[in-house]
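Peer 1: Got a predicted structure here, sequence first:
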Amino acid sequence: MTDTRNLNLKEILTKAKEEGKKVNRQLVSYTRKINDFNPLAIFENGKELSQKKRMFWKRYDDQYIFVGIGNITEIVVENEGKQAIYNKWRRIVKEAIIYNPYQEAGVGLVAFGGIAFDPKKAPTPLWAKFAENEFRIPQFLFIKKKDSFYVTINMLINKDENIEECLKEYENIEKQLLGERTIHPTMGKIIDKQEINPEQWKQAIEDAKVNIQQKQTEKIVLARELRLHLSQSVDITSVLHTLIATQPNSYVFAYEQGTDCFVGATPEQLINVEGNQLQSMCVAGTAPRGRTDEEDERLNNELFHDKKNREEHDYVVQMIRQSIEPFCYKIDIPNTPTVYPLKNLQHLYTPVTAILKSGQHLFDLIDTLHPTPALGGTPKDTALAFIREHEHLDRGWYGAPIGWIDCHDNGEFAVAIRSALIQEKEASLFAGCGIVKDSDTQTEYEETKIKFLPMLSVLGGS
Ligand SMILES: C=C(O[C@@H]1C=C(C(=O)O)C=C[C@H]1O)C(=O)O
Ligand SMILES: [Mg+2]
């Protein structure tokens, strides 16, 4: 990390060119405050300027919005585990020339990405455009943090770079990205909606219950797919617009990979690390929302007291506590959950806070936490083996950590549920539920139907 305080961008690039002689291509990251911007306008303006590599992230409480346009370099590791991703990230940070006068988590050089739910499961063509894991450093990163707005420009400068030209080009792109635009959301029609093998999925639930009765596992999460054919290519900006409008209390994310885009509105945080402060969430146990206030209150109350849902939830609380214990102290987890309301459903919810011991970092925690019993099961390895064998679905990035890390190891990852893989005029939606000993197959089936709704409704279905 080269110290570039008091240099302007031109001077920095000239310095980078010098460095470039040694390393061939030098990464330069330059951050400055800017006037307020409309994140979705930037996302839309970036459509043609990003080589179809855009990303979007809005935190559930609106405290962070990121729009990433383009990709100057990515981190992809196969069969090496999450530590290898972290090591590559540290190397990039170490070698970069960084200008960033702001000491703010998430502001500056940041990598965004996701990982596959289960690298041991053989992939299918469905997720062909998504690597087992990928973290991307966008060319332009627009950041809204609380009430402040920033842009981070990332560039690769080589020894023969024409600095004047390069600056001009970046200025020009930035101007286009910040150009005014009003978003008029458009939505096509669903021509065909196909539940993928629902009967086979119900059979897997029966098998899971036998597995649980035989005491091999206590909880197994099983997911299924809904495949849509649409009348026109899905407009991702419109999808994000409607998700933001309809799904408060949720992270809204998009990761574009050429003609495919993974999009979702998830309520579930896997982990947030800022300095030595850690946050996580236990989200498991589900009921629909009521049509009237009275019905809503009744369903809320029933969910809170329901033995089966409380059990489903408890496995997550216990596992998160056990997983973070070796890495943290001052772990604070309330004994009783509360009910977390979303537009289409409500969940049992328990917040987790803790202090990280020194030397422990985000990727260690992701490694130990993923998948929690909210998406895998208990015990983890047995449940995963069961899912691998009995669930006829390529989960890809669904149900897995998606998020960001900055160059001081702050970062946040959500669990990518309530999500869809959009492939132009087609889309796959995913939803799963936690099977425990008292699960009723038909009720679980109905639960997944509601969990499809956040994405289904923004794609024109109900
Ligand atoms: C697996 C999903 O959600 C998970 C399962 C839940 C449940 O079974 O009650 C609730 C929230 C999540 O932990 C999903 O939405 O696809
Ligand atoms: Mg459930």
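Peer 2: That came in fine, so what should we check first? Ligands and ions are numbered 1, 2, ... in the order given.
Peer 1: In space, what's closest to the residue most central in space within the chain - neighbours in sequence excluded?
Peer 2: Nearest to the geometric centre of the chain sits Ile402, at 2.9 Å (C-alpha atoms, centre = their mean). Among residues not flanking Ile402 along the chain, Gly114 sits closest, at 3.9 Å (C-beta to C-beta, 6 or more residues apart in numbering). Just so you know, the C-beta spots here come from the backbone N, C-alpha and C atoms, and that holds for glycine as well.
Peer 1: May I have the strands that pair with the helix or strand containing the one you found, each with its orientation?
Peer 2: Gly114 belongs to strand 110-115 when elements are defined using DSSP states H and E. Taking DSSP bridges as the criterion, strand 110-115 sits next to strand 133-137 (antiparallel), strand 401-406 (antiparallel) in its sheet.
Peer 1: Any idea how far that strand is from the middle of the chain?
Peer 2: Chain-centre distance of strand 110-115: 8 Å, with C-alpha atoms, centre = their mean, to the nearest Å.
Peer 1: Show residues contacting it.
Peer 2: By C-beta atoms under 8 Å, 6 or more residues apart in numbering, the surrounding residues in contact with strand 110-115 are 55, 57, 66, 68, 74-75, 82, 85, 89, 92, 130, 132-138, 141, 143, 152, 255, 262, 370, 397, 400-407, 416.
Peer 1: residues in contact with the closest residue to Leu228 other than its chain neighbours?
Peer 2: Once flanking residues are discounted, Leu228 sits nearest to Ala427: 4.6 Å by C-beta to C-beta, 6+ apart. Ala427 is in contact with 227-228, 230, 234, 420-421, 455, 459, counting by C-beta under 8 Å, 6+ apart.
Peer 1: In a markdown table, list those along with distance to Asp192.
Peer 2: Shown next, in a markdown table, are the contacts of Ala427 (distance: C-beta to C-beta, whole Å):
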| residue | distance to Asp192 |
| --- | --- |
| Arg227 | 8 |
| Leu228 | 7 |
| Leu230 | 9 |
| Val234 | 14 |
| Ala420 | 15 |
| Leu421 | 16 |
| Met455 | 16 |
| Leu459 | 12 |
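Peer 1: Give me the ChimeraX select line for these, limited to the buried ones.
Peer 2: The following ChimeraX line selects those of the contacts of Ala427 that are buried, judged by 16 or more other C-beta atoms under 10 Å:
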select :227,228,230,234,420,421,455,459
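Peer 1: The contacts of Ala427 in strands, which ones?
Peer 2: In this view, the contacts of Ala427 that belong to strands under DSSP state E are 227-228, 230, 420-421.
Peer 1: Nearest to ligand 1 among those?
Peer 2: Ligand 1 has its nearest neighbour among the ones in strands among the contacts of Ala427 in Ala420, at 11.2 Å by C-beta to the nearest ligand atom.
Peer 1: Ile320 against His370, yeah?
Peer 2: No - judged on C-beta atoms under 8 Å, Ile320 makes no contact with His370 at a distance of 11.0 Å.
Peer 1: Can you pick out the residue with more neighbours from these two?
Peer 2: Neighbours were counted for Ile320 and for His370 using other C-beta atoms under 10 Å; Ile320 has more, 25 against 22.
Peer 1: any idea how far Ile157 is from Lys17?
Peer 2: For Ile157, the distance to Lys17 equals 6 Å [C-beta to C-beta, to the nearest Å].
Peer 1: shared neighbours of those two, anything?
Peer 2: Joint contacts of Ile157 and Lys17 (C-beta under 8 Å, 6+ apart) are 26, 163.
Peer 1: So for the two, which residue has more residues nearby?
Peer 2: Neighbour totals were compared for Ile157 and Lys17, and Ile157 leads with 22 against 19 (other C-beta under 10 Å).
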